[in-house]
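Asks: Fold the following and give me the result.
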Amino acid sequence: MHEFTVWAPRVRKVAVKIGDRTYPMRGPDERGWWSVSVADAGRGTDYGFALDGDAKDRDTKDGDPRAWPDPRSEWQPNGVHGASRVYDQAAFVWSDQGWQAPALERAVIYELHVGTFTERGTFDSAIERLDYLTWLGITHVELMPVAAFPGGQGWGYDGASLFAVTEQYGGPDGLKRLVNACHARGLAVLLDVVYNHFGPVGNYSGKFGPYITDTHHTPWGGAVNFEDWGSDEVRRFFCDNALMWLRDYHIDGLRLDAVHAFVDRSATHFLEQLSDEVKDLSAKLGRRLVLIAESDLNDPRVVKPKELGGYGMDAQWSDDFHHALFTVLQREGGGEKGYYVDFGTMAKLAKALTKVFVQDGTTYSKYRGRSHGRPVEGLSPHQFLGFIQNHDQVGNRAVGDRIDRVVGVDRAKVAAGLVLTSPFIPMIFQGEEFAASTPFLYFADHEDPEMARAVKEGRRGEFAAFGWNPTDIPDPEAIETFRGSKLNWVEVHEGVHEEMLEWYRGLIQLRRGSNSLNDGTPGQTKASFDEEKKWLVMERGMVTVMCNLGRETVKLENSRRLPLLLASRADVVAGDGVVLPPETLAILSGEKSQ
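Replies: Numbers count the residues shown, from 1 in each chain. Reported below is the predicted structural model:
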């Protein structure tokens, strides 16, 4: 026995099709839901929904012979265009009873893409690398989206069936095996989810109800309907999706993609509703759950508690810190394009470290042609994530080149040192820790030839404007682009790769063992700098971090006579002062135990 339900408020008739049999559904109720119980259906039953006309669209053909996939399907074994299959969430046997994720404020996050993290690109093959991540000192693994998407490969941000786990990686049971294995090793799991748009191919929710509104538009088309007619059930769709990952897959937290693309003027913002429901689930499960937003609004309300007028997210990515750091790492003339035009000085980096937002409403943004953001006041820096690499900042470069290829190994080491000693929760991107020689490119597999052509030409045109030869831009649709982005694990313990790996491991061990570096007290970080000589000093309690990005050796005062703990190169010398050759970083500490 299985009860089938579907929200289809404007459809005249709905039936479940199972094989050659059709079962008419009862409905719609006052909210637009249809249902029917089928005695001989259960786990493993393939099904679809046959729709009979849209009451608002008199041109819709009655009695459409096709059975459409369930918008809430939890299993699409034959891809997003195929039949849905009933999945039993309770059948998997977990071994993580009593699991409690490490506190986010003491986290070191590792972002990975399942398809390129290993050669086989599956959940099960990723399990084989988990001991490496624990050895490295990682506490949280962040998975790029795993919701079912069309084609053979992709980043996952064009998900089509949002409740189903993509079969390319191993399907729903595969994801559960990976999460179970992570928990067995003390690793928490965060999952990227995309609630700002659906993928352009393979999503059939629009045939059932108004999930998208044309009242507002996003870079991907119409906006998700969070406030218009029928929005209660659309919001329910996304809240239920979030709760499913956290409850049924034992995921420890979600990272919400581009929440700045949400348009919601409701009295209760969708993010606030989601935050409340996740907190309720956390209390019910007795397990720590977190929500992390990606937002370019520079608005502290995203992470402020509901009681203080905020949306209640636990943390958000800090793009300003990335931009400020990346642009000072660039040598002359390297950071004047696009949104980087608002950064590029040591003063901006110091402001990011001490104030979080560089663009905080007090300055003019050349990129936007207006002021932007507002100050962060009274919030812990642990409510923000800091990084120098992530899937966007690598993959959205023309050739997917990593930071060491862009600025050199020495400057990449300086970047790592600042990220992992910053006041923010540090996040690193797969392969960053060993200066992976393989790029991380933008790749996709659009089944529509016209869309594939448009994506290819659009990407080449975009980077041609930055001076790139269009023929040098890898074709996103080529299988070689995807395969070329897979990490080469053979090189991990070779030459410069091993050197970088040991640097990262030392930094992570320092971060996790230092009280000062884990202090999230607002205002705890101090920074001084010299714009002309390009040095910066950051003080965090008993830890002092010094870096020199200039052309000449500098000697900086060590008034507290702190001993040198870590240095990015052997020619850094510390005594009554600290001698920093160009492109070096030093970490000094007066903490008694490390």
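Asks: hey, where'd the helices end up in this protein?
Replies: 114-117, 123-127, 130-136, 171-184, 231-248, 270-285, 319-329, 346-355, 391-395, 403-407, 409-421, 449-464, 479-483, 495-513 (DSSP state H).
Asks: Please identify which of these is closest to Tyr442.
Replies: Closest to Tyr442 of the helices of the chain is helix 391-395 (Cβ to Cβ; 5.1 Å). From N, CA and C alone the C-beta is placed, and that goes for glycine too.
Asks: could you say what helices and strands that closest one packs with?
Replies: Applying 3 or more Cβ pairs under 8 Å, 6 or more residues apart in numbering; DSSP states H and E, one finds that helix 391-395 contacts strand 425-429.
Asks: Strand partners (parallel or antiparallel) of the strand it packs on?
Replies: strand 109-112 (parallel), strand 384-386 (parallel) (DSSP bridges).
Asks: what bridges to Trp7?
Replies: For Trp7, the beta-bridge partners under DSSP bridges are Trp33.
Asks: for stretch 582-590, what is the average pLDDT?
Replies: Mean per-residue pLDDT for stretch 582-590: 97.
Asks: To clarify, my last question referred to stretch 436-446.
Replies: Stretch 436-446 comes out at a mean pLDDT of 96.
Asks: likewise stretch 223-242?
Replies: For stretch 223-242, the mean pLDDT works out to 97.
Asks: which outside residues touch it?
Replies: Stretch 223-242 is contacted from outside by 7, 9, 31-33, 71-72, 162-163, 193, 195-197, 209-213, 215-217, 254, 261-266, 270, 273-274, 277-278, using Cβ atoms under 8 Å, 6 or more residues apart in numbering.
Asks: pretty sure Leu104 contacts Met313?
Replies: No - Leu104 lies out of contact with Met313 (Cβ atoms under 8 Å); the separation is 11.3 Å.
Asks: Can you check which of the strands paired with strand 425-429 gets nearest to Pro172?
Replies: When these are ranked by proximity to Pro172 (Cβ to Cβ), strand 109-112 comes first, at 19.0 Å.
Asks: Contacts for that closest one, please.
Replies: The list of residues contacting strand 109-112 from outside it, by Cβ under 8 Å, 6+ apart, reads 126, 133, 136, 138-144, 190, 385, 390-391, 425-430.
Asks: Could you do stretch 65-76 as well?
Replies: Outside stretch 65-76, the residues within contact range by Cβ under 8 Å, 6+ apart are 4, 6-7, 17, 47-51, 80-87, 89, 148, 161, 163-165, 167, 171-172, 204-205, 207-208, 211, 237, 240, 244.
Asks: Extract the CA atoms of that stretch and return them as PDB.
Replies: Extracted in PDB, the C-alpha atoms of stretch 65-76 (Å, rounded to 0.1, in the frame of the first residue of the first chain):
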ATOM      1  CA  PRO A  65      -0.900  10.500 -22.600                       C
ATOM      2  CA  ARG A  66       2.500  11.000 -21.000                       C
ATOM      3  CA  ALA A  67       3.000  10.300 -17.300                       C
ATOM      4  CA  TRP A  68       5.100  13.100 -15.900                       C
ATOM      5  CA  PRO A  69       7.700  12.600 -13.100                       C
ATOM      6  CA  ASP A  70       6.600  13.500  -9.600                       C
ATOM      7  CA  PRO A  71       7.900  17.000  -8.600                       C
ATOM      8  CA  ARG A  72       8.700  15.500  -5.200                       C
ATOM      9  CA  SER A  73      10.100  12.200  -6.500                       C
ATOM     10  CA  GLU A  74      12.800  10.800  -4.200                       C
ATOM     11  CA  TRP A  75      14.200   8.400  -6.700                       C
ATOM     12  CA  GLN A  76      14.800   8.900 -10.500                       C
END
